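> Build me a model:
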Amino acid sequence: MVGSVHVAIFTDFHPHTLGGVQTAMRSLCDGLRRLGHRVTVFCAPAPGYTTSEADTVILRALPISMSNGLPVVLPTRANERLIDAAFAERGPIDIVHTLTTYGCGISGARAARRHGIPVVQTMQSRDDTVIEKYSPAPYLSALTMRLAHGWFVPLRGRQAHDGDGRIARLAWRPLVAQAQAADRVTVPTHHFARRLARHGVDRPIHVVSNGIDDELLDRVRAESAVTDPGAPLRALWCGRLSVEKRPLEAIEVARLVEDCTLDIYGSGALADRARSAVAEANLGDRVHLHGEVDQADCLRAMRTHDVLLLTSDCDTQGMVLLEAMAMGLPVLYCDPELSETVPHEGGIRTADPSVESFAAVLNSLTQDRTRLHDMRRALAAHTDEPRQSRHTTGILAVYTEALAAPVSPQ
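Numbers count the residues shown, from 1 in each chain. Here you go, the predicted structure:
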């Protein structure tokens, strides 16, 4: 196992913004630092967050935002100079770990090559599915991403198409090129590892799950949790209020299931539409929007609810799924690929992603809650699996392998 290392983590999401990638990154950084390793994060700025932190380097963003409202960073010469200066001032850097495939992720891979440092790339974004299903202009979005990424990262080898249509082919090209530009690739699930391989990625791929900070888990579990067994079924939805996460569909599910309440934790572009949907359906007494909360509050809520509604159909693993597992909260979900992460009999997969399918299962649970008790018993054996300490060693093993091998050529 590698000794103490200095890791430069590159991500297009600031650690203080909302999202599963950010939550997983914070847990990873804390886990590495707890073991004596040094971590410097290179990232985009956070809207409205001005506090500077010693271990964070903010890259320069364009005066435009992504569809999720977060800043856009490009691998410009100005950012290259900023990164190189930080490497010189804070170095030596032993390994670069890129968590995204956009501007900051590209900048990290290019910086690693300039400095002769091995680069590990984490792949966990299903951009092909998100673009095809939820972009207002799928072909234009996929083409723009493909051209912009290809300008900075040439494709090493050949991309396989795995039966994809033209939009999916364009969307997969940046993912494959970014993975091929790395020395090692990590993914959180086996199903995504297989998808990458089928699309032509021949770099060594390691499956290492995301995790939740151990100290946070222990602290929340030690707190008392009050529940009311006579209350209506308590459903919970957590995440970013964006179209691909389908929060509006969760509200519609609650409208169709009268004997339940729904608490929604999160913020995002659909916040106003979510408030309007609750008001227009006269659901204010049963559906409550709590806004953005920290991870601890999300975990606390999971201890007092009966079931998690996971309406997204384009997650690779889903941090909220790991959080529910850690809290022993049964999951109602629709995406077949998430079955790898949901423990056997610890959740229910709907027949399809439709609101009607979710409502049918939720209605059945309001009438027979013994199924929820059975799912909690099934989850009890798996609540410690999401601990970050279980997965930090896996990441360190990947670092060790990358450091021991020759660095890939530019």
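
> only C-alpha atoms for contact and neighbour calcs from this point on.
Noted.

> quick one: low-confidence parts of the protein?
1-2, 64-69, 407-410 (pLDDT under 70).

> domain parsing for it?
6-211+388-404, 215-380 (automatic domain parsing).

> JSON lines please, covering the ones you listed and showing mean neighbour count.
Formatted as JSON lines, the domains of the chain follow (neighbours: other C-alpha atoms under 10 Å):
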{"stretch": "domain 6-211+388-404", "mean neighbour count": "19"}
{"stretch": "domain 215-380", "mean neighbour count": "19"}
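
> looking at it, P47 is touching A61, isn't it?
No - under the criterion of C-alpha atoms under 8 Å, P47 makes no contact with A61, lying 10.9 Å away.

> hey, what's in contact with both of those two?
P71 (C-alpha atoms under 8 Å, 6 or more residues apart in numbering).

> wait, is V361 part of a helix?
Yes - under DSSP: H, G, I helix; E, B strand; the rest coil, V361 falls within a helix.

> Show the contacting residues for it.
Contacts of V361 (C-alpha under 8 Å, 6+ apart): T350.

> gap between it and T23?
29 Å (C-alpha to C-alpha, to the nearest Å).

> before we move on, what about R234?
25 Å.

> just R387 next, same as before
Taken as C-alpha to C-alpha, the span from R387 to T23 is 13 Å.

> again, but for T366
32 Å.

> Kindly report the same for V119.
Where T23 is concerned, V119 sits at a distance of 21 Å (C-alpha to C-alpha).

> ok, now P229?
31 Å.

> Ok, A111 next?
Distance from A111 to T23, by C-alpha to C-alpha: 25 Å.

> quick one, strands of the stretch 51-200 of the chain?
Counting by DSSP state E, counting those that start in this stretch, one finds strands in the stretch 51-200 of the chain at the ranges 56-58, 61-65, 71-73, 95-98, 119-122, 184-187.

> ok, for L403, nearest residue in space, not its chain neighbours?
The spatially closest residue to L403, leaving aside those adjacent along the chain, is P118, at 6.5 Å (C-alpha to C-alpha, 6 or more residues apart in numbering).

> what residues are up against that neighbour?
94-96, 112, 182-183, 402-403, 407-408.

> I'd like the distance between it and R184.
8 Å.

> try T56
From T56 over to R184 (counting by C-alpha to C-alpha), the distance is 24 Å.

> shared neighbours, P118 and R184?
Common neighbours of P118 and R184 (C-alpha under 8 Å, 6+ apart) are A402.

> need the contact list for the residue nearest to H149 when sequence neighbours are not counted.
Among residues not flanking H149 along the chain, P174 sits closest, at 5.9 Å (C-alpha to C-alpha, 6+ apart). Each residue near P174 by C-alpha under 8 Å, 6+ apart is listed here: 101, 145-146, 149-150.

> Check the gap between P174 and R156 for me.
11 Å.

> Equivalent analysis for D12, please.
23 Å.

> Name whatever forms a beta bridge with F10.
F42, T98 (DSSP bridges).

> There's contact between it and C104 in this structure, I believe.
Yes - counting by C-alpha under 8 Å, F10 does reach C104; the two are 5.8 Å apart.

> what touches both of those two?
Contacts common to F10 and C104, judged by C-alpha under 8 Å, 6+ apart, are 42-43.

> End to end on stretch 106-125, go ahead and measure it.
End to end - C-alpha to C-alpha - stretch 106-125 spans 15 Å.

> Please disregard the earlier target; I meant stretch 52-71.
Using C-alpha to C-alpha, one end of stretch 52-71 lies 17 Å from the other.
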